[in-house]
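Trainee: Turn this into a structure:
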Amino acid sequence: MITPVLIQLFEEGLNKLTEEINQYPDDASLWVVKDGVNNSGGNLCLHLTGNLQHFLGAVLNESGYVRNREAEFKVKNIVKAKLLNEIDEARKAVKDTLEQVSRRQLDNNYPLPINGEMVNTEYFLVYLLAHLNYHIGQINYHRRLLAQQPA
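Mentor: Here you go, the predicted structure:
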């Protein structure tokens, strides 16, 4: 069954996200935006955690989480510990949801349209995993870019 594999892969991705956030030297550096980079590491972290808590927790598992996507990109200066807590909340939403999802749910369409069309739930979960890893790569680049800048 795919769900144990997805649980493992999401867990690995969220562990990598935690590692990346922990490697920022201080809270302020999480929010720096340099030329050629649209988002800070902190905002990308908020985006990822909000995304997973919404699409897995709230939609598939009725967790009650209410997403504010706009705030994910506008809020600034949250301390690293709060971001790490959001990662833990996303991890819990992913695991709780995927442990309960049935084969029938995976085979059916996801409950909401994605980009205006209905997609298979299993497909969308794999898409969310790819989305997670894509943005983790951006966070890694952002963090390393900042480390190369002269003091």
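Trainee: C-alpha only now, for contacts and for neighbours.
Mentor: Noted.
Trainee: and residue 37, how many neighbours does it have?
Mentor: A count of nearby residues for residue 37, using other C-alpha atoms under 10 Å, gives 12.
Trainee: Which positions within the helix or strand harbouring residue 82 qualify as buried?
Mentor: For residue 82, the host element (DSSP states H and E) is helix 80-100. Within helix 80-100, the residues scored as buried using 16 or more other C-alpha atoms under 10 Å are 80, 83-84, 86-98.
Trainee: Widest-spaced pair of the residues you listed?
Mentor: The most widely separated members of the buried residues of helix 80-100, counting by C-alpha to C-alpha, are 80 and 98 (27.0 Å).
Trainee: lowest average confidence, helix or strand, in this structure?
Mentor: The weakest-scoring helix or strand in the chain, judged by mean pLDDT, DSSP states H and E, is helix 103-107 (a mean of 93).
Trainee: if I pick the nearest residue to residue 32 once chain neighbours are set aside, what's in contact with it?
Mentor: Excluding the flanking residues, the one nearest residue 32 by C-alpha to C-alpha, 6 or more residues apart in numbering is residue 40, at 5.7 Å. For residue 40, the contact set (C-alpha atoms under 8 Å, 6 or more residues apart in numbering) comprises 30-33, 139, 142.
Trainee: Buried among the residues you listed? Make that a ChimeraX selection.
Mentor: Selection of buried members from these for ChimeraX, criterion 16+ other C-alpha under 10 Å:
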select :30,31,32,139,142
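Trainee: in the chain, which residue is closest to the centre?
Mentor: Geometric centre of the chain, nearest residue: residue 48, 2.2 Å, by C-alpha atoms, centre = their mean.
Trainee: Not counting residues beside it along the chain, what's closest to that one?
Mentor: Leaving aside its sequence neighbours, residue 48 sits nearest to residue 132 (C-alpha to C-alpha, 6+ apart; 6.3 Å).
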